[in-house]
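Undergrad: Sequence and predicted structure are below.
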Amino acid sequence: MRVLSVASECAPLVKTGGLADVAGALPAALRAEGVEMRTLLPGYPAVMAALGHGAGQVAAEADLFGGPARLLAGHAAGLDLLVLDAPHLFAREGSIYLGPDGQDWPDNPERFAALSLMAARIGARGLTIDGAAWRPELIHCHDWQAGFVPDYLEREGGDCATVLTIHNIAFQGLTGHHMIERLGLPRSRFHADGFEYYGKLSALKAGLMRADRLTTVSPTYAAELMRPEFGMGLDGVMRARRRDLSGILNGIDETAWNPATDPHIAEGYRHPAGKAPNRDALRAEMGLPEAPGPLCCVVSRLTEQKGLDLLLEALPALLDRGGQLALLGSGDRALEDAFRDAAREDNVAVRIGYDEALSHRLIAGSDAILVPSRFEPCGLTQLYGLRYGTIPVVALTGGLADTVINASPAALDRGVATGLQFHPVAKDPLAVALDRLCDLHAEPEVWAQMQANAMRQPVGWTSSARAYAALYRDAIAAA
Ligand SMILES: Nc1ncnc2c1ncn2[C@@H]1O[C@H](COP(=O)(O)OP(=O)(O)O[C@H]2O[C@H](CO)[C@@H](O)[C@H](O)[C@H]2O)[C@@H](O)[C@H]1O
């Protein structure tokens, strides 16, 4: 089965969040299921550098939204890549989505329309790569940046199947309707059953209306998307397409995130007891003193979604019990400043920035990981926590609801609990959960059992890769 995956970011080459992890992990996970996946990425400087000189040109465009472009085929970091080298769109330093002023690049609509159009052309015409013909049977589109693929595919006369995965419905790729002609889209589709969204043009809605199948990254988020509280104005679309929508949980890269072999951490471990030297090393690195309560970490983008403003308010519940907080994150200025302020407490340590290696040391060395998100399509850091015996304390929403077994009396009785969940997502329930965390941490046998359960829980890609392969087969058969 030949599949083209289309994404705006892909680990380890270029990453701002979890989408990159998933786009980077899928090809290897799906290889075992007989899927030959190539990934189409924008030619950002980091991607061009990783591609090196071994890449060959497989297509060219004289004028792709204002400049020449080439499509390169090559390999990097174990991935089979197709890279859209369009310097006028992608050869920029800094953030891949935001300009130096912190606002979206003004030409983001063209940049990702260009990516989607190239995907459609590959789907319609195929390519010759290393002397062999290659044409995908299915295009797997990720988020709004690939939302126009089905429309362009129709325009280009392609007939391959399409799947669109929603990693986060908060990002919809909205732009003014004056862009319709500029992007080469049919104005006849600018209506409520097409890509019109409250008078604007929506790349995400375009894909949601047109892709053969829709997925999101957990079963609970799939159900939540059909509700007004979570659908961000697209819940009606999700309800209309519910028969084509499924939730497939993300996995994690079990090689990169393996406490036994992790090169970033102080000492590898296979059993929860092995966390102790990592905890000592982490306290030393973060400048935290010894403490009787649980050392809790956060590794996150600092945005409204992640609910970390609630953590600031609920923090005394943890600190009053002798607990500690170590946070790594970046994002909203106001949240960054608020956490810097909070770090004036002896038992709070904060690093503002993005640091892959430190994220491993935080998860290995902490007793618990906090994920108080207002919504969370899947979430990856609670999965890292489980694998490292670091107890997740999570909001009962989306993938957090699907991957953590709450330490209810029944779950503790049966010896199956792996973490704590709280609901509703508000300060007081979070404070109660932190208090409860301290209770459980003070009971060594219960705590050890939870850690052992967590480390045993499957968090890899095996069953989800099977689910994607089955979905691809169905979609191809029906196309
Ligand atoms: N400062 C920092 N330093 C180092 N690493 C950092 C970091 N901040 C974040 N990260 C890393 O970035 C990734 C974030 O992934 P998440 O899935 O937790 O959230 P995100 O909202 O980005 O993803 C969206 O897409 C993914 C993928 O589908 C969904 O799981 C999720 O629910 C959805 O919101 C993790 O690998 C995390 O370790």
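TA: The structure has been received and is ready for your questions. Numbering: from 1, shown residues only.

Undergrad: Tell me which residues touch Cys297, please.
TA: Applying Cβ atoms under 8 Å, 6 or more residues apart in numbering to Cys297 gives the contacts 325-328, 362-363, 365-366, 368-370, 390. Using the backbone N, CA and C atoms, a C-beta is placed for each residue, glycine as well.

Undergrad: Number of residues surrounding Leu325?
TA: Leu325: 28 surrounding residues under other Cβ atoms under 10 Å.

Undergrad: quick one: which of the contacts of Cys297 is nearest the ligand?
TA: Ranked by distance to the ligand (Cβ to the nearest ligand atom), the contacts of Cys297 are led by Leu328 at 4.8 Å.

Undergrad: Output the contacting helices and strands for whichever helix or strand that closest one is part of.
TA: Leu328 belongs to strand 324-331 when elements are defined using DSSP states H and E. Packed against strand 324-331 by the contact rule (3 or more Cβ pairs under 8 Å, 6 or more residues apart in numbering; DSSP states H and E) you find strand 295-302, helix 308-319, helix 333-342, strand 348-352, helix 356-365.

Undergrad: at 7 Å instead, please
TA: Applying 3 or more Cβ pairs under 7 Å, 6 or more residues apart in numbering; DSSP states H and E, we find strand 324-331 packed against strand 295-302, strand 348-352, helix 356-365.

Undergrad: and the contacts of Cys297 near the ligand, which?
TA: Residues of these in contact with the ligand (Cβ under 6 Å from any ligand atom): Leu328.

Undergrad: any idea which of the contacts of Cys297 has the most stuff around it?
TA: Counting by other Cβ under 10 Å, top hit in these: Leu370 with 33 neighbours.

Undergrad: Surely that one is in a helix?
TA: No: counting by DSSP: H, G, I helix; E, B strand; the rest coil, Leu370 falls outside a helix, being strand.

Undergrad: before we move on, back to that, which of the helices and strands packed on strand 324-331 is buried the deepest?
TA: strand 295-302 (a mean of 24; mean count of other Cβ atoms under 10 Å).

Undergrad: Alongside the ligand, which residues does the chain contribute?
TA: 17-19, 21-22, 167-168, 217, 250, 299-301, 328-330, 354-356, 359, 376-381, 399.

Undergrad: Please check these and keep the buried ones.
TA: 18-19, 21-22, 167-168, 217, 250, 299-301, 328-330, 355, 359, 376-381, 399 (16 or more other Cβ atoms under 10 Å).

Undergrad: All the strands of the stretch 351-479 of the chain, residue numbers only.
TA: 368-371, 391-395, 420-422 (DSSP state E, counting those that start in this stretch).

Undergrad: what's the average pLDDT for the second one?
TA: Meaning strand 391-395. For strand 391-395, mean pLDDT is 98.

Undergrad: mind exporting that strand as CSV, just the C-alpha atoms?
TA: Output in CSV follows, covering the C-alpha atoms of strand 391-395 (Å, rounded to 0.1, in the frame of the first residue of the first chain):
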residue,chain,number,x,y,z
ILE,A,391,2.6,9.1,37.6
PRO,A,392,0.3,11.3,35.3
VAL,A,393,-2.1,13.7,37.0
VAL,A,394,-4.4,14.7,34.1
ALA,A,395,-7.7,16.4,33.3
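
Undergrad: Sheet-wise, list the partners of it with their directions.
TA: Sheet pairing for strand 391-395, assigned by DSSP bridges, gives strand 368-371 (parallel), strand 420-422 (parallel).

Undergrad: Got the domain ranges for this protein?
TA: Per the record, the chain has its domains at 2-251+462-478, 272-456, by automatic domain parsing.

Undergrad: and Trp257, which of these is closest to it?
TA: domain 272-456 (5.3 Å; Cβ to Cβ).

Undergrad: residues touching Ala433, list them.
TA: 393, 420, 422 (Cβ atoms under 7 Å, 6 or more residues apart in numbering).

Undergrad: Find the nearest non-adjacent residue to the first one, please.
TA: Looking back up the chat, that one is Val393. Leaving aside its chain neighbours, Val393 sits nearest to Leu420 (4.6 Å; criterion: Cβ to Cβ, 6 or more residues apart in numbering).

Undergrad: returning to what we had before: among the domains of the chain, which is nearest Pro259?
TA: The nearest among these, by Cβ to Cβ, is domain 272-456 at 4.9 Å.

Undergrad: which residues sit against whichever strand or helix holds Ile122?
TA: Using DSSP H and E, Ile122 sits within helix 108-125. Helix 108-125 has contacts (Cβ under 7 Å, 6+ apart) with 4, 6, 8, 40, 42, 64-65, 71, 82, 84, 86, 89-90, 97, 105, 136, 139, 145-149, 152-153, 156-158, 160, 173, 175, 179, 183, 203.

Undergrad: could the contacts of Ala433 go into JSON lines alongside neighbour count?
TA: Output for those, formatted as JSON lines (neighbours: other Cβ atoms under 10 Å):
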{"residue": "Val393", "neighbour count": "28"}
{"residue": "Leu420", "neighbour count": "24"}
{"residue": "Phe422", "neighbour count": "22"}
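
Undergrad: Report whether the expected contact of Ile248 with Ala465 is present.
TA: No: the criterion here is Cβ atoms under 7 Å, and Ile248 misses it with Ala465 at 9.2 Å.

Undergrad: Please list all residues in contact with the residue in the stretch 51-200 of the chain that the ligand sits nearest to.
TA: Nearest residue of the stretch 51-200 of the chain to the ligand (Cβ to the nearest ligand atom) works out as His167 at 3.7 Å. Contacts for His167 (Cβ under 7 Å, 6+ apart) come out as 18-19, 22, 142-143, 217, 377.

Undergrad: roughly how far apart are it and Gly287?
TA: 35 Å (Cβ to Cβ, to the nearest Å).

Undergrad: Pull the number of nearby residues for Glu196.
TA: 18.

Undergrad: for it, phi and psi?
TA: phi -80, psi 140 (degrees, to the nearest 10).

Undergrad: Contacts only, for it.
TA: Per Cβ under 7 Å, 6+ apart, neighbours of Glu196: Phe190.

Undergrad: List phi and psi for Ala69.
TA: Taking degrees, to the nearest 10 as the convention, Ala69 sits at phi -150, psi 150.

Undergrad: Could you check how many residues crowd around it?
TA: 23.
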